[in-house]
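In: Using only what follows, build the 3D model:
(3 chains)
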Amino acid sequence: MRVYSYYPGCSLEGTAKEYDYSLRALAPLLGMQLVEIHDWSCCGSSAAHATSHRLALALAARNLNLAADMPGGARDILVPCAMCYNRLKVTSAELAADSGLRSAVESDLGDKWRGAAITAKALPEVLLGDIGVDAVAQAVVQPLEGLRVASYYGCLLVRPPEYTGFDDPESPKSMDELVRATGATPVDWPHKVECCGGGLSITNRELVAGLVADILGAARDAGADVIVTACPMCQANLDTRQGLAGKTRGTDFGLPVLYITQLLGLACGLSAASLSFQSHLVSVAPLLEKVRQLGRARQAAGGEGC
Amino acid sequence: MKALVLPASGAPGFAAEVSRLAGTDVQACYACGKCSAGCPVSASMDYQPHQIIRLVQLDQKDEVLSASAFWLCASCVTCSVRCPREVKLAQVMDALREISRRSGVAAGQPRIAAFYGSFLDLVRSGGRLHELGMTAMYKLRSRDLFGDIDLGVKLMLRGKLKLIPGRIKGRHHVAGIFRRVREHEAGEGGKR
Amino acid sequence: MPRIGVFVCWCGSNIAATVDIGQVTEAAAEMPHVVCVEDNKYTCSEPGQASIRQAIAQHGLDRVVVAACSPRMHENTFRKTISAAGLNPYLLEIANIREQCSWVHADRVAATAKAIDLVRMAVAKVAQHSALTSSTSPVTRRAMVIGGGIAGIQAALDIADAGHEVVVVERSPTLGGHMAQLDKTFPTLDCSACILTPKMVEVVQHPKITLYAYSEVEKVDGYVGSFKVTVRRKARSVDESKCTGCGACWEKCPVKVKSEFDLGLGTRKAIYVPFPQAVPAKATIDREHCIYYLRGRCRICERFCEAKAIVFDQQDEIINVEVGAIVVATGFQQFDQAAYGEYGYGEYPDVITGLEFERLVNASGPTEGKIKRPSDGKVPETVVFIKCVGSRDEHKGVPYCSRTCCMYTAKHAILTREKIHGSKVFIFYMDVRTPGKGYEEFYRRASEEDGARYLRGRVSRVYPKGGKMVVLGEDTLLGRKVIVEADLVVLASGMIAQPDAQEMARKLGVSYDQHGFLTEAHPKLRPVETNTAGIFLAGACQGPKDIPDTVAQACAAASKAAALLNREALEAEAMIACVDEARCSGCLWCEPVCPYKAISAKTISERVGRRTLTRSVAEVNPSLCHGCGACTVACRDSALNLLGFTNQQILAEVEAVCP
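Out: Numbering: from 1, shown residues only, chains lettered A, B, ... in the order given. The predicted structure follows:
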């Protein structure tokens, strides 16, 4: 078992709760133990970094300090949310590079900076770098052969690369490798890192609907059955704005948007209920049906059963 | 559009202030336009990203702060990653929002400003973001009362909107962080 | 009976895609005297050439036709090939089935038929060829360099260092040219005078170099290896051999004249050296302004000259110089800004040119290096630079880019910001062009470190308002009108040809382009040669150039000239005109049409019956004839023939294609 400090972030308590549930269910199957950081707070993303550099750093620093204070000692933090991941990485880097900034943030915190030894890691980074794609493939009990999956990385998982760094900012591959480990086919498509406008989803609906429509259209053109992501904002935006996006283009995209953990959970034999598929706006039922059919066809053809 | 009168219409030092706060040199920009070409929201902006940089270079503070472009920036960081001059435009946009807020200028995109304000108020009081509470507060502030009501209902039915805000023990620490940052900013504002 | 081999080239797919090579070889095999036909994928390649050599030996070929690309491309290649196999190189004919066939036709059937016709013509012609040999002429191992700017200086030093005598002719009283007027040089900011004056001194001290300053080339005769140049040494009114350059004369001279060297921003005397480091350091009397020449009295200079060097009745002197090679380095002039009324140059003193700015910023200039605006001597706070004034403007200027202005303007911006603390610099530009080593970095330095603000757009108008110059422009990146209230406006003037460049070109017998710049023989592969053998180009007389490019080109021209002078004798063109004296009536219509002055009259004696008569006939100088063929057209008696293109050979071609 690899033990990680776990920083869920605010979204995983609300709109992205299925990300939290599916990750917690999947973790033991992949040999991970998650210990939630005690009394964690907002990471300083979105509104904070958009309007106050110092506030954003101090909010993130508080959580990195908490991780350093964990009883098990300074462990890597697993950060499923791409935004939180990005903020924690940027903060670590900026405080490491600039001692003036460090003392400013210490005065804002009213506390010493203790997070220098803590590394925040994104989920694909952990699964590929620490667990290994072979271990993931070994945990698969229900291969998703025949399923075509578009991996959508969005912005903050891979940008800016000088802070994130585990994947290529223009042509990332990490989630595609995980998809391949499930037996499904990762589709090659051009919109892997195009912004979906998630931050503006509430305030500028029409603008965002256009961006979402472009991304969904590209995934559909590539023949994807489903989109997977590792960002709560992307998932929420592509899911909740899919109806409006379809209206602007006079179409029904009908593309379910899953968290990468949900897809992995499905392949590793977790139940639909434990993966919270019922909380999606775009119905996942047709997808699950397709997976069942593919499984039956495989068994009929005499492939290895599960 | 009115003419720029140089150097008279500039606010001396504005470009340097933005560069310092953003941690990037705006004067490095040679105006190739690659940022605007790749920006997902540039079509909705009143100024293109490269034009914002251009105005900053020329110290045109009033005109820049009255723009809505930097409020619309979705912080996707595509511009920064692709800039041949390594200008961190996303950080420039952050810096402009910060300068705008601190100078008390009316935001070019009041809804986005209201959204950010609601977000931060909830974090200040609870330590974490309570999405339902933030949405309600945003709707009151932006007067965008009826947009997305149907969506809200759907999310509620799927249990995605937590009704009761969870309050962390360290919320007073978080509130203290807010207070100290704001005090520092006010002090800096006074010095300027 | 001739034995002809035909070699058809595919040129990869360049020819083979459009012309059916198989049909061409089959048809060629049937042509008269053809004893061998081959085709090659690339005939110019080493295997292709080897197959020609082999076939010559195997089939005993005495003539060869290569059906391939233009003779301009590979005629020389194949001449060498057959020569290596023991044939006279002129027993070759090229059938151009690429540029004149496959590249310009799409119809394969018609193109193949045309290719066959072209080969048929070449076969008929080559059957008439005879071996040609070329004459040789000796080389005068001395070079002339015309122009004493940095291009001429560099070329002269390089040729002299290669061991040849050099004569430098400079029309102004001193060496140095435009480079002497510059302050710092981009992109390293080293001082122009500091790197130039040692070279100027080296020229006069070099044992192989003779300098004729204040002298002009009057006339050029002769040909490569043997030019005869007439030089006018203008009267300085000073005996150069006596003048020590002590300066007593110009200190005492009562007449102040606007200094050409300082572009009118400063003054000199009527007897003067243009600038303190001038080489040679010999005084010159400006007869247009000297009181003695105007009114017949004064002679103060003569009184104070201890060396007794003043010679008021000195006359121009004409000298003749024989040289084997000439390097032309006559430079450029600045575009005349008067064409731009909207910028007010000449009307408002605070609108100046880039070269004038060089004098203002130069420590030995009229303001001792303090940037002061000409109107009131005030130090400017806001300076506007306008680029592309004259350049890239077909309406008022020239269509081309002057290549130096982007860089010198960046330099001016840096110097302004360094010299005037707190100054603001705005640069209006259309593009920033920095193709040179360290150039882009230098421009970025001006913009980032030195705070020059670049505004993309052309200025529409400059006018005065309350002691300032108002500059109306557009920032096209913002789509906004921009108004800058400036203290000083500097126009980045383009470079144009010298006013008498065309006259010089005609004297030399070299060609020039529509802008008056002298034309190189090939823009890429022969950049410093002219179409006239033995005459080479260096520096901005060939087109706008900065100092690094000018020096590089001067070195190249010098190496070409030195290589020529290293030879004992020169082989002349073999395909030249020849006169059939029996047919020549001596009308000499051919003489004026010859562009190379290669034809003259000669007297011959003939026996007619029992009497001996003398008469005039035309004679071709084989060293001068370029084989252009103009004389053969002018000849009414068909007495002139161009070897390798005789009337008989051309008619054979015509008959082959129109039987």
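In: residues in the stretch 401-550 of chain C within reach of chain B, list them.
Out: C:424, C:426, C:432, C:444, C:447-448, C:451, C:453-454, C:456, C:475, C:477-485 (CB under 8 Å from any CB of the partner chain). For every residue, glycine as well, the C-beta is placed using N, CA and C.
In: who's in contact with residue A:128?
Out: A:166, A:174, A:177, A:178 (CB atoms under 8 Å, 6 or more residues apart in numbering or on different chains).
In: 10 Å - rerun?
Out: A:122, A:136, A:166, A:167, A:173, A:174, A:175, A:177, A:178, A:181 (CB atoms under 10 Å, 6 or more residues apart in numbering or on different chains).
In: Now render those as JSON lines, adding distance to residue C:273.
Out: Output for the contacts of residue A:128, formatted as JSON lines (distance: CB to CB, whole Å):
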{"residue": "A:122", "distance to residue C:273": "75"}
{"residue": "A:136", "distance to residue C:273": "86"}
{"residue": "A:166", "distance to residue C:273": "71"}
{"residue": "A:167", "distance to residue C:273": "71"}
{"residue": "A:173", "distance to residue C:273": "73"}
{"residue": "A:174", "distance to residue C:273": "75"}
{"residue": "A:175", "distance to residue C:273": "78"}
{"residue": "A:177", "distance to residue C:273": "79"}
{"residue": "A:178", "distance to residue C:273": "82"}
{"residue": "A:181", "distance to residue C:273": "85"}
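In: List only buried entries from the residues of the stretch 401-550 of chain C next to chain B.
Out: C:424, C:426, C:432, C:444, C:447-448, C:451, C:453-454, C:456, C:475, C:477-478, C:480-482, C:484-485 (16 or more other CB atoms under 10 Å in any protein chain shown).
In: Let's see which of the residues you listed end up in strands.
Out: Applying DSSP state E to those, the entries found in strands are C:424, C:426, C:453, C:454, C:456, C:475, C:480, C:481, C:482, C:484, C:485.
In: I'd like those residues laid out as JSON lines, including pLDDT.
Out: JSON lines is the format used below for these (pLDDT from 0 to 100):
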{"residue": "C:424", "pLDDT": "96"}
{"residue": "C:426", "pLDDT": "97"}
{"residue": "C:453", "pLDDT": "95"}
{"residue": "C:454", "pLDDT": "95"}
{"residue": "C:456", "pLDDT": "94"}
{"residue": "C:475", "pLDDT": "91"}
{"residue": "C:480", "pLDDT": "88"}
{"residue": "C:481", "pLDDT": "89"}
{"residue": "C:482", "pLDDT": "93"}
{"residue": "C:484", "pLDDT": "96"}
{"residue": "C:485", "pLDDT": "95"}
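In: Tell me the pLDDT of the residue lying farthest from the centre of chain B.
Out: Most distant residue from the mean C-alpha position of chain B: residue B:157, 32.1 Å away (CA atoms, centre = their mean). Confidence at residue B:157, expressed as pLDDT, is 84.
In: same question, residue C:135
Out: 85.
In: what about it, how many residues close to it?
Out: When neighbours are counted by other CB atoms under 10 Å in any protein chain shown, residue C:135 registers 14.
In: how much space is there between it and chain B?
Out: 60 Å (CB to the nearest CB, to the nearest Å).
In: That residue is in contact with residue C:643, isn't it?
Out: No: between residue C:135 and residue C:643 there is no contact under CB atoms under 10 Å: 11.8 Å.
In: what is in contact with those two at once?
Out: C:573, C:574, C:576.
In: secondary structure class for the second one?
Out: So the one you mean is residue C:574. coil (DSSP: H, G, I helix; E, B strand; the rest coil).
In: who's in contact with it?
Out: Contact analysis of residue C:574 by CB under 10 Å, 6+ apart lists C:79, C:88-90, C:131-135, C:622, C:627, C:643-644.
In: repeat that for 6 Å
Out: C:132, C:134 (CB atoms under 6 Å, 6 or more residues apart in numbering or on different chains).
In: What score does it have for pLDDT?
Out: 92.
In: And it, how far from residue C:72?
Out: 17 Å (CB to CB, to the nearest Å).
In: cool, and residue B:52?
Out: 55 Å.
In: do the same with residue A:176
Out: Taken as CB to CB, the span from residue A:176 to residue C:72 is 56 Å.
In: out of everything not next to it in sequence, what's closest to the closest residue to chain C within chain A?
Out: Scanning chain A for the residue nearest chain C gives residue A:162, at 20.7 Å (criterion: CB to the nearest CB). If the residues on either side of it in the chain are set aside, residue A:162 comes closest to residue A:93, at 7.7 Å by CB to CB, 6 or more residues apart in numbering or on different chains.
In: same check, this time on residue C:290
Out: Closest residue in space to residue C:290, ignoring its immediate chain neighbours: residue C:270 at 4.3 Å, by CB to CB, 6+ apart.
In: Now do the same for the one you found: its pLDDT.
Out: So, for residue C:270, pLDDT stands at 97.
In: Could you identify the longest helix within chain B?
Out: In chain B, assigned by DSSP state H, the helix with the most residues is helix B:171-191.
In: residues contacting residue A:82?
Out: Contacts of residue A:82 (CB under 6 Å, 6+ apart): A:156, A:157, A:230, A:231.
In: follow-up on the earlier one: can you pick out the residue with more neighbours from residue B:52 and residue C:72?
Out: Using other CB under 10 Å as the criterion, residue B:52 and residue C:72 rank with residue B:52 on top: 28 against 10.
In: Near the spatially closest residue to the more buried one that is not a sequence neighbour, how many other residues are there?
Out: By the measure of CB to CB, 6+ apart, the closest residue to residue B:52 outside its immediate chain neighbours is residue B:69, 5.4 Å from it. Close neighbours of residue B:69, defined as other CB under 10 Å, add up to 24.
In: so where's chain B uncertain?
Out: B:189-192 (pLDDT under 70).
In: How about the residues of it by chain C?
Out: Contacts of chain B with chain C, taken as CB under 6 Å from any CB of the partner chain, map to B:1, B:3, B:4, B:5, B:6, B:7, B:27, B:28, B:31, B:51, B:54.
In: Kindly write the PyMOL command that selects the buried subset of those residues.
Out: Per 16+ other CB under 10 Å, the buried members of those correspond to this PyMOL selection:
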select buried, chain B and resi 4+6+7+27+28+31+51+54
